[in-house]
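Asks: generate coordinates for the sequence data below:
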Amino acid sequence: AELDRTSDALGSLTVGRTAYLYLRRPAGAAAQRLYERAFAGTRERLVFDPQRFARSPGAHYTIDYYAPALDDRYVAVGVAEGGSEVEVLHVVDVASGRLLADTIDRVPFGAPTWAADGRSFYYYRTAELPPGAPQSARDTKGRVYFHRLGTDPSDDRAVFGYGYAARIPFAPQDGGGLALQPGTPWAVAIAQHGVQNEIAAWVAPLATLGRAAVPWRQIVRSGDDVTGIGLRGSTMYALSHRGASRFAILAFDLARGDAAHARVVVPASARVIGGFGVARDGLYLNELDRGGSRVRSAAFTAAGVAA
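Replies: Here you go, the predicted model:
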């Protein structure tokens, strides 16, 4: 069957400092492209078309993920050929659409996390397969690496992941990533165990990421039943179904606490909490109820969260 290409299809959208970045497949196009539109304007501008890599009329490329730097100058995009899910990470200058020389292969499982300087990021990269390796070994034994623009990816330094530290359990099939938040003096490393929704997480002071051995401390374990997190200052918020089949939101201090001893800030209710986000004024919850969904806010107060 042939896909319907008679109308536009809008994909994911991110909000930058002065403009929106979003994926859109124009009518008749084979794949989504990355566009920018200023907050105050109505005209969009093409930033990146993955078909620029096509070398024949039948070649087909897709954008599997993208992540803009905090200052909106650059955007990292994961491009795969023919829907293969074999992503290669590229970096694009947003203003000009120019591709930088930085190209990194074996980068599945989502977009990288930019550092505050806007010129470096953390990304998850799987191990290079030796000749004759079985297909089952693909996308395994990955690590989270630090990359500075303009440097050779082969020199990138690992900060977390498979074999990084004996005290950190990380299976060959696990995926990983790093969570950073402006204004938060902590870095959180996340491990995703295969296809499980539940995650494990570790925390370390942001200033220690440049050390040869980052002092990670585990704060979320598999038994905590956490499926999502958010950061604000020195507080972590965690979505958990531990003792709450419809999910609740927990909170704890990153300096000393962990999910096992967290306080409940948004208790479970008759509605399922499908996800949440942290904003300046509070938590925004995506709640599911009888087949429908709605967004509800829980404001930050001097005492915590007004659920």
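Asks: Gln51: neighbour count?
Replies: Using other Cβ atoms under 10 Å, Gln51 is surrounded by 15 other residues. (C-beta placed from N, C-alpha, C; glycine too.)
Asks: what sits against it?
Replies: Neighbour list for Gln51: 30-31, 59-61 [criterion: Cβ atoms under 8 Å, 6 or more residues apart in numbering].
Asks: quick one, grab the pLDDT at Ala306.
Replies: Note for Ala306: predicted pLDDT of 67.
Asks: got it, and Ala1?
Replies: For Ala1, the predicted pLDDT is 31.
Asks: what do you get for Arg290?
Replies: So, for Arg290, pLDDT stands at 85.
Asks: from the contacts of Gln51, which would you call buried?
Replies: Buried members of the contacts of Gln51, scored by 16 or more other Cβ atoms under 10 Å, are 31, 60-61.
Asks: do you know how far the closest residue to Pro26 other than its chain neighbours is from Arg33?
Replies: Nearest residue to Pro26, sequence neighbours excluded (Cβ to Cβ, 6 or more residues apart in numbering): Asp8, at 5.9 Å. Applying Cβ to Cβ, to the nearest Å, the value for Asp8 to Arg33 is 11 Å.
Asks: may I ask which helix or strand of this structure has the lowest mean pLDDT?
Replies: Least confident helix or strand of the chain, by mean pLDDT, DSSP states H and E, is strand 304-306 with a mean of 75.
Asks: let me know how buried Thr126 is, in neighbour terms.
Replies: So Thr126, with other Cβ under 10 Å, has 22 neighbours.
Asks: low-scoring stretches of the protein, by residue?
Replies: 1-7, 83, 306-307 (pLDDT under 70).
Asks: coming back round to it: against Gly78, how distant is the residue nearest to Pro26?
Replies: For Asp8, the distance to Gly78 - Cβ to Cβ - is 22 Å.
Asks: what about those two, which has more around it?
Replies: Remark: of Asp8 and Gly78, Gly78 carries more neighbours, 24 against 11, as counted by other Cβ under 10 Å.
Asks: which residues touch the more buried one?
Replies: 63-66, 87-90, 107-108, 111.
Asks: before we move on, which element is it in?
Replies: Using DSSP states H and E, Gly78 falls within strand 74-81.
Asks: tell me which of the contacts of Gly78 is nearest to Tyr20?
Replies: When the contacts of Gly78 are compared for distance to Tyr20 (Cβ to Cβ), Tyr66 wins out at 12.4 Å.
Asks: go ahead and confirm Leu180 touches Thr113.
Replies: Yes. Here Leu180 reaches Thr113: they are 5.4 Å apart, a contact under Cβ atoms under 8 Å.
Asks: convert the C-alpha atoms of stretch 66-73 to CSV, please.
Replies: Extracted in CSV, the C-alpha atoms of stretch 66-73 (Å, rounded to 0.1, in the frame of the first residue of the first chain):
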residue,chain,number,x,y,z
TYR,A,66,16.3,16.0,16.7
ALA,A,67,17.5,18.2,19.6
PRO,A,68,18.2,21.9,19.4
ALA,A,69,21.0,23.5,21.5
LEU,A,70,19.8,25.7,24.3
ASP,A,71,20.7,28.9,22.4
ASP,A,72,19.0,27.6,19.2
ARG,A,73,22.2,28.0,17.1
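Asks: ranges for the helices of the stretch 101-250 of the chain?
Replies: Applying DSSP state H, counting those that start in this stretch to the stretch 101-250 of the chain gives no helices.
Asks: and Ser224, how far is that from Ala255?
Replies: Actually, residue 224 is Asp. It isn't Ser. According to Cβ to Cβ, Asp224 stands 18 Å off from Ala255.
Asks: which one's more surrounded, these two?
Replies: The neighbour count for Asp224 versus Ala255, taken as other Cβ under 10 Å, is higher for Asp224 (21 against 12).
Asks: which residue sits closest to the more buried one in space, ignoring its chain neighbours?
Replies: Asp224 sits nearest to Ala259 (Cβ to Cβ, 6+ apart), 4.0 Å away.
Asks: name the residues contacting each of Leu180 and Thr113.
Replies: Tyr122.
Asks: count of neighbours near Ala116?
Replies: Neighbour tally, Ala116, other Cβ under 10 Å: 14.
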